[in-house]
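> What follows is a predicted protein model with its sequence.
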Amino acid sequence: MPSVSSFSIAYETLNPSGTFSEGDIITGNVNLVLAKETKVQSLFIKAKGDADVRWTRKHGDRTHTYSAHRRYFKVKQFLIPEDSGEVVLPQGAHVYKFNFKLPPEGMPSSFRGVHGKIVYKLEAKLSRSWRMDSSAENEINFVSKTFPNFHSIMSQQVGSTNKEMGIFSKGHVNMDVIVNKMAYAPGEAVMITANINNSSSSEMTPKFKIKQDIVYRASGDTKHESNTVVKVAKNSVKPRTQESMNCSLQIPSDQIPTIHNCEIISVEYQLKVYLDISFSFDPEVVFPVVVLPPGFQYDGAMGPHPFGPTGGPSASDFPPPASAMGPYPSLPHSGSYGYPGLATSPVKPNNPPMYPGPPGVYPPQPAHMTGPYTNPVPLMPSPYGSPFSSSSSNSVLHPPPTAPELYRSPAPSAPQVQPPPSTQFPSAPNYPSSLMMKTDFLSQSDESPPAYSLLFPPPPAERSDAK
């Protein structure tokens, strides 16, 4: 009667899809059921990830085998140490808990193909004296969330083609194609718009196809595998006509995600939009397509959560970068003077938290103001003209604000200096000065007296009579 009745591994899932990604923690149990008391030397569990490819190719009379292997990680944890000697376990069920943290580096997603595979799994081994080792394993569905230039693959794609017709037709054909983006999750639809200008004498059929290309690499050789994921044909375009048509291609919900970070296995997708023309080469536009892993979350503003400190929640003690704190992370009085709260300092034992202030009682200041007082700077010319312009007769000059009485210093009085009588002229000729009134111009016969109009300008009625 065998001593080990059952030996298995169970782990807790983190999401409904049951997938794990870079940096996740795998927590589970090793379950051991003994039919009788048993002596055990060691019990351990390990987690590892490996990629393998293998295929054969015949060269003449010889058959050559191509193979390659890549190890991405391997961690091991002892549940019963080796150096503890033989441990006697009683009859019944025994449960050993474990946890592993997956490496944060980018690793390829799980994959199984015709000529290769990428497998992540847990392996447990029970060693006993003079007995065969008992082993158990359980695979992990790993999906990689490492996609370089993620914002670019979420952008719109545009392409065009132009073809001159051959012997059996005259004219030319032009096609412009717009695709809403490059990256799609399983179950999502690829939205395509094609503008076709058929200036030829041939009838043509627009067709849309998504193709999967798998490449295995080993020892300088490659093995290719191609599959059509989905294909749609539209109504034909008549000669000498223009048409604009939309097409939707849905990615299957169980589609394998794109694999771009494995040296020996790659999985890529292409969208091919072409015009099927009889007796002629088909003009086509080809776009790359990225199939994301299931359950992948994307934030349109900041990008996918696994990348960068501005994505999801972080356990880091360092503050977020400047891009996450707004355009003015160093402005004082955040939340005061009408500004909204921009950022707060990280909470530390000796640094109390800073809360945004109440709504400002002062009106909001322009972006170039940093102090609590407003000193307006004219950024654009006034539509009513400058207040300092002499050409405006309605301009009113306000004196600059004076300091309070507490800080006003008395100005020293300057001595009044009167100019000589011969050089003094009235600044405002409304009333004659007392000095001019005392001068007798009729008694000065040697020189002509000054003109009267210079000293006393006549009213408008007298000017018109003089003319």
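Yep, that arrived. These numbers come from a predicted model, not from an experiment. Numbers count the residues shown, from 1 in each chain.

> Ile256 contacts Glu268, correct?
No. Using CB atoms under 8 Å, Ile256 is not in contact with Glu268; the gap is 10.7 Å. C-beta: built from backbone N, CA, C; applies to glycine.

> Mutual contacts of these two, please.
Gln212 (CB atoms under 8 Å, 6 or more residues apart in numbering).

> Kindly state the domain boundaries assigned to this structure.
4-142, 150-298 (automatic domain parsing).

> Dump these to TSV, plus mean neighbour count and mean pLDDT.
As requested, the domains of the chain are exported to TSV (neighbours: other CB atoms under 10 Å; pLDDT from 0 to 100):
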stretch	mean neighbour count	mean pLDDT
domain 4-142	15	92
domain 150-298	16	91
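
> Val285 - nearest residue in space that isn't next to it in sequence?
Excluding its sequence neighbours, the residue lying closest to Val285 (CB to CB, 6 or more residues apart in numbering) is Gly159, at 4.1 Å.

> Check Lys163 too.
That would be Pro283: by CB to CB, 6+ apart, it lies 4.1 Å from Lys163.

> From Gln157, how far off is the one you found?
Distance of Pro283 to Gln157, given as CB to CB, to the nearest Å: 17 Å.

> mind listing the helices for the stretch 101-250 of the chain?
150-153 (DSSP state H, counting those that start in this stretch).

> and Ala35, what does it touch?
Contact analysis of Ala35 by CB under 8 Å, 6+ apart lists 1-5, 91.

> Relative to Glu225, which of the residues you listed is nearest.
Glu225 has its nearest neighbour among the contacts of Ala35 in Val4, at 41.2 Å by CB to CB.

> so that closest one makes contact with Lys36?
No. Using CB under 8 Å, Val4 is not in contact with Lys36, being 9.8 Å away.

> Show me whatever sits in contact with both of these two.
Residues touching both Val4 and Lys36 by CB under 8 Å, 6+ apart: none at all.

> wait, Asn138 sits on Phe98?
No. Taking contacts as CB under 8 Å, Asn138 lies outside contact range of Phe98: 11.7 Å.

> before we move on, the earlier item: the contacts of Ala35 in strands, which ones?
Among the contacts of Ala35, the residues falling in strands (DSSP state E) are 4-5.

> Can you add distance to Val173 and give the contacts of Ala35 back as JSON lines?
Formatted as JSON lines, the contacts of Ala35 follow (distance: CB to CB, whole Å):
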{"residue": "Met1", "distance to Val173": "79"}
{"residue": "Pro2", "distance to Val173": "74"}
{"residue": "Ser3", "distance to Val173": "77"}
{"residue": "Val4", "distance to Val173": "72"}
{"residue": "Ser5", "distance to Val173": "72"}
{"residue": "Gln91", "distance to Val173": "80"}
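
> From the contacts of Ala35, pick the one nearest Pro104.
Of all these, Val4 has the smallest distance to Pro104: 36.4 Å, by CB to CB.

> I'd like the distance from the closest one to Cys247, if you could.
For Val4 relative to Cys247 (CB to CB), the value is 58 Å.

> and if you look at His151?
Counting by CB to CB - His151 and Cys247 are separated by 25 Å.

> Bridged to the residue nearest to Val285, which residues?
On the basis of DSSP bridges, Gly159 is bridged to Val177.

> Confirm for me that it is in contact with Phe287.
Yes. Using CB under 8 Å, Gly159 makes contact with Phe287 at a distance of 6.3 Å.

> any residues in contact with both of these two?
By CB under 8 Å, 6+ apart, the residues touching both Gly159 and Phe287 are 177, 273.

> beta partners of Asn29?
With DSSP bridges as the rule, Asn29 is bridged to Ala10, Lys97.

> Identify the residues contacting it.
Applying CB under 8 Å, 6+ apart to Asn29 gives the contacts 9-11, 95-98.

> repeat for Arg71
48-50.

> and the host helix or strand of it, which strands flank it?
Here Arg71 sits within strand 62-80, counting by DSSP states H and E. Applying DSSP bridges, strand 62-80 is found paired with strand 42-59 (antiparallel).

> then the partner strand to CSV, C-alphas only?
The C-alpha coordinates for strand 42-59 follow below in CSV (Å, rounded to 0.1, in the frame of the first residue of the first chain):
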residue,chain,number,x,y,z
SER,A,42,12.8,17.0,2.2
LEU,A,43,9.9,18.8,0.6
PHE,A,44,10.3,21.8,-1.7
ILE,A,45,8.4,23.8,-4.3
LYS,A,46,9.8,25.9,-7.1
ALA,A,47,8.4,28.3,-9.7
LYS,A,48,10.0,28.6,-13.1
GLY,A,49,9.5,29.9,-16.6
ASP,A,50,11.0,28.4,-19.8
ALA,A,51,10.7,28.7,-23.5
ASP,A,52,11.5,25.8,-25.9
VAL,A,53,11.4,25.3,-29.6
ARG,A,54,12.0,22.1,-31.6
TRP,A,55,11.5,21.0,-35.2
THR,A,56,13.2,18.9,-37.8
ARG,A,57,14.2,19.6,-41.4
LYS,A,58,15.4,17.2,-44.0
HIS,A,59,18.6,18.0,-46.0
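
> Could you check how far the spatially closest residue to Ser219 that is not a sequence neighbour is from Lys223?
Spatial nearest neighbour of Ser219, chain neighbours left out: Tyr66 (5.1 Å); criterion: CB to CB, 6+ apart. Distance, Tyr66 to Lys223, using CB to CB: 7 Å.

> intersection of neighbour lists for the two?
Counting by CB under 8 Å, 6+ apart, the contacts common to Tyr66 and Lys223 are 53, 55.
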